[in-house]
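Enquirer: Predicted model and sequence below, questions to follow.
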Amino acid sequence: MAAWVQRIPAMADQMPASPLLAAEHALVQRYGELMDSAALTEFFKFPHERALGRAASKDDFPVPVFRLAGRNGWFARTRDVAAWLTQLAPPSP
């Protein structure tokens with residue numbers, strides 16, 4: 001049997017179970033459980049944090065955002081961002 005056939009089960013263990021889990025894993029690794037205004041501005045390609053704040057205050061934001069007591073800016077759960085990202089388009093084959 002070819003060596004590459006024997007490696008297939010090992011490769012399958014490394015593959016994420018779903019696109020959502022893969023996106024969650026990647027985003028949580030990069031940003032942690034919460035994304036702050038700077039991270040949201042970067043991720044959603046806003047020109048600056050003020051533009052993000054305007055969108056968030058008008059409820060014109062694709063994921064739920066909130067403020068935290070004692071902290072400046074807006075925050076979102078990273079898992080909500082991952083869920084939004086994966087529902088945009090079906091995964092490519």
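Expert: Received, thanks.
Enquirer: May I see the buried residues of the helix or strand harbouring Glu42?
Expert: Assigned by DSSP states H and E, Glu42 belongs to helix 37-43. Buried residues in helix 37-43, defined by neighbour count with 16 or more other C-beta atoms under 10 Å: 37, 39-41, 43. Every C-beta, even on glycine, is put in place using the N, C-alpha and C of the backbone.
Enquirer: Kindly reformat the residues you listed as CSV containing distance to Ala26 and pLDDT.
Expert: CSV is the format used below for those (distance: C-beta to C-beta, whole Å; pLDDT from 0 to 100):
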residue, distance to Ala26, pLDDT
Ser37, 20, 96
Ala39, 13, 96
Leu40, 16, 97
Thr41, 19, 96
Phe43, 12, 94
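Enquirer: what about Pro62, how many neighbours?
Expert: For Pro62, the number of neighbouring residues by other C-beta atoms under 10 Å comes to 14.
Enquirer: Contacts only, for the residue nearest in space to the middle of the chain.
Expert: The structure's the chain has its C-alpha centroid closest to Ala82; by C-alpha atoms, centre = their mean the separation is 3.3 Å. The contact partners of Ala82, taken as C-beta atoms under 8 Å, 6 or more residues apart in numbering, are 20, 23-24, 26-28.
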